[in-house]
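Q: Fold the following and give me the result.
(chains A and B)
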Number of protein chains: 2
Amino acid sequence: MKRIDSVKNERIKQWKKLHSRKGREKANQFLIEGFHLIEEALKSNVVVQHILLEEGREWPAEWKMDDAERIEVHITVLKELSDTMTPQGVIAICELPNDGEIDNRNGCFLLVDRIQDPGNLGTIIRTADAAGMTGVILGEGCVDPFNSKVLRSSQGSLFHLPIYHGPLTEWVRAFKEVKVPILGTALQNASSYTAIEPLESFALIVGNEGEGVDQDLLKQTNQNVYIPIYGKAESLNVAIATGILLYHLRR
Amino acid sequence: MKRIDSVKNERIKQWKKLHSRKGREKANQFLIEGFHLIEEALKSNVVVQHILLEEGREWPAEWKMDDAERIEVHITVLKELSDTMTPQGVIAICELPNDGEIDNRNGCFLLVDRIQDPGNLGTIIRTADAAGMTGVILGEGCVDPFNSKVLRSSQGSLFHLPIYHGPLTEWVRAFKEVKVPILGTALQNASSYTAIEPLESFALIVGNEGEGVDQDLLKQTNQNVYIPIYGKAESLNVAIATGILLYHLRR
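A: Residues are numbered from 1 along each chain as shown, chains lettered A, B, ... in the order given. Here you go, the predicted structure:
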């Protein structure tokens, strides 16, 4: 078993750079923390390259780690690499996955337009997973899904369903080709979501916290829907709106 | 116009203590930050006692501040009192409201059991407001709603609908007396929420992030419901679940 005790170790210095998007893209790696997230990554298609365990802790017997390098580390090393106040005893370095191909666009897809808040994006991906969506498509201008806060709030769902990237206008065109209904979310020129019947396949677009879905995108949809506000709130949080709409469409 | 320039001012030192629950309860005050939240507070029944504006900024013309002391402050004073990285130019000190009486228990109430995360509680209150709930009842062991993160994520909804406190078992008994149906949320011994018809009045209980609703409470309900998970996620975030259930019951 390898062992690293010094925060000045060259590899630790390199891995610390994975906290920034630039660092992740340059190294083609990302970092995850905690037993639950790493277990979800190991069960998925993600390539887990290195696992750093705090000295004195047990390697979970159920983990299949054949391809991962196992390293025992002093707690100061975990503290150096962690971005939480209380390190959780284990950190893994994984390879950034490539976007796969979509075999069949006749499914249920969530299109995400410029979501900025990492907690919102993580919760949206978790909710899409729970609702049994076929995949999630992140448009340009979204927060990086491999940001540690997104990973934490997704609770591992990022490893459960395929995540795609790319300009949403192109995705909308691709769904139109195969006649998948495209629904936008909007406050004006829209129908109440309660009027929409459950759908076998659809592409739903949710949008930026302040601005909503881009106006040009809304012009390309088959229908735009809103969620009625019965009280005095100005709006719903975008992750909450996503949950209400996906469960309505999937019921 | 009064003016405070020094962070060593005795009142500033006192108001800084309002960042802790203990400090708020001792002074019977709470602190809010930002133009939007303060505007919502001024429009509500909350007593706004003091408003601190950064020098060089304009007092919004539409604010009715008859009873509030207006103070101009140097930006260092706002930074001292703010708990965000970028102070928003204005902070207000308000009186902690007392729980009012419930005139009519024949309404739609959300009962919150031991929610710990401030962001979740704020989003739950915002969602309850949007769904037009009559009131929100916080059981023992919830995070303090006057915590600044709760206030921020509630987006002012805390000032839009009545918030009550107290042991939920007593509240459940009170709703039973007037024959309001009580719904719990549970993973076992529960029906799918899709089987529930919309209700004119109800009391819905949502619970702790890790443990859900207390088992003893679940025994006192009329019916317990769950939200189906169609994918691989282990569960939904509690605020998302609240949104799905409230909008289903109110549709």
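
Q: What is the helix or strand containing A:Glu80 packed up against?
A: Under the criterion of DSSP states H and E, A:Glu80 resides in helix A:75-81. If you count contacts as 3 or more CB pairs under 8 Å, 6 or more residues apart in numbering or on different chains; DSSP states H and E, helix A:75-81 packs onto helix A:10-16, strand A:48-54, strand A:90-95. For glycine as for every other residue, the C-beta is placed from the backbone atoms N, C-alpha and C.

Q: Using TSV, please lay out those together with mean pLDDT, distance to chain B and mean neighbour count.
A: Converted to TSV, the helices and strands packed on helix A:75-81 look like this (pLDDT from 0 to 100; distance: least, CB to the nearest CB, whole Å; neighbours: other CB atoms under 10 Å in any protein chain shown):
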stretch	mean pLDDT	distance to chain B	mean neighbour count
helix A:10-16	96	22	15
strand A:48-54	97	18	19
strand A:90-95	98	18	22
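
Q: ok, back up a step: could you give me the average pLDDT of the helix holding A:Glu80?
A: Mean pLDDT, computed over helix A:75-81, is 95.

Q: And stretch A:226-239, by the same measure?
A: Rounded mean pLDDT across stretch A:226-239 is 97.

Q: buried set for that stretch?
A: For stretch A:226-239, a neighbour-count test (16 or more other CB atoms under 10 Å in any protein chain shown) marks A:226-227, A:231-233, A:235-239 as buried.

Q: May I have the beta-bridge partners of the residue nearest to A:Ile93 when sequence neighbours are not counted?
A: In this structure, A:Ile93 finds its nearest non-sequential neighbour in A:His50, 4.3 Å apart by CB to CB, 6 or more residues apart in numbering or on different chains. On the basis of DSSP bridges, A:His50 is bridged to A:Glu69, A:Ile93.

Q: who touches A:His50 in this structure?
A: Neighbour list for A:His50: A:68-71, A:92-93 [criterion: CB atoms under 8 Å, 6 or more residues apart in numbering or on different chains].

Q: how about a cut-off of 7 Å?
A: If a contact means CB atoms under 7 Å, 6 or more residues apart in numbering or on different chains, then A:His50 has A:68-69, A:71, A:92-93 as its contacts.

Q: Could you provide the helices and strands packed on helix A:75-81 in JSON lines, with additional columns for distance to A:Gly107?
A: Shown next, in JSON lines, are those (distance: least, CB to CB, whole Å):
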{"stretch": "helix A:10-16", "distance to A:Gly107": "36"}
{"stretch": "strand A:48-54", "distance to A:Gly107": "28"}
{"stretch": "strand A:90-95", "distance to A:Gly107": "26"}
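
Q: quick one: which of the ones you listed is nearest A:Met133?
A: Evaluated over the helices and strands packed on helix A:75-81, closeness to A:Met133 peaks at strand A:90-95, with 22.6 Å, by CB to CB.

Q: which residues in the stretch 101-250 of chain A form helices?
A: A:118-130, A:148-154, A:168-177, A:215-219, A:238-250 (DSSP state H, counting those that start in this stretch).

Q: can you list the residues of chain A near chain B?
A: With CB under 7 Å from any CB of the partner chain as the criterion, chain A comes near chain B at residues A:119, A:123, A:126-127, A:129-133, A:155, A:157, A:160-161, A:194, A:229-233, A:236-237, A:239-240, A:243-244, A:247, A:250-251.

Q: which among the residues you listed end up buried?
A: Applying 16+ other CB under 10 Å to the residues of chain A next to chain B flags A:119, A:123, A:126-127, A:129-133, A:155, A:157, A:160-161, A:231-233, A:236-237, A:239-240, A:243-244, A:247, A:250 as buried.

Q: Buried deepest among the helices of the stretch 101-250 of chain A, which one?
A: Highest mean neighbour count of these: helix A:118-130, a mean of 27 (counted as mean count of other CB atoms under 10 Å in any protein chain shown).

Q: Could you check how far that helix is from the centre of its chain?
A: 6 Å (CA atoms, centre = their mean, to the nearest Å).

Q: for the residue of the stretch 51-200 of chain A found nearest chain B, what are its contacts?
A: Nearest residue of the stretch 51-200 of chain A to chain B: A:Gly132, at 2.7 Å (CB to the nearest CB). Contacts for A:Gly132 (CB under 7 Å, 6+ apart) come out as A:250, B:230-231.

Q: domains for chain A, by residue range?
A: A:2-95, A:108-249 (automatic domain parsing).

Q: okay, those domains in a markdown table with distance to B:Ile102 next?
A: As requested, those are arranged in a markdown table below (distance: least, CB to CB, whole Å):
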| stretch | distance to B:Ile102 |
| --- | --- |
| domain A:2-95 | 40 |
| domain A:108-249 | 17 |
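
Q: still on that earlier bit, among the helices of the stretch 101-250 of chain A, which is nearest A:Lys8?
A: Checking the helices of the stretch 101-250 of chain A against A:Lys8 by CB to CB gives helix A:148-154 as the closest, at 22.5 Å.

Q: Which strands or helices does that closest one pack on?
A: The contact analysis (3 or more CB pairs under 7 Å, 6 or more residues apart in numbering or on different chains; DSSP states H and E) places helix A:148-154 against helix A:118-130.

Q: Averaged pLDDT, the helix it packs on. What do you get?
A: Averaged across helix A:118-130, the pLDDT comes to 98.

Q: Now do the contacts for the closest residue to A:Leu246 other than its chain neighbours.
A: Nearest residue to A:Leu246, sequence neighbours excluded (CB to CB, 6+ apart): A:Ala131, at 4.0 Å. Counting by CB under 7 Å, 6+ apart, A:Ala131 touches A:246-247, A:250, B:230-231.

Q: Thanks again, I'm all set now.
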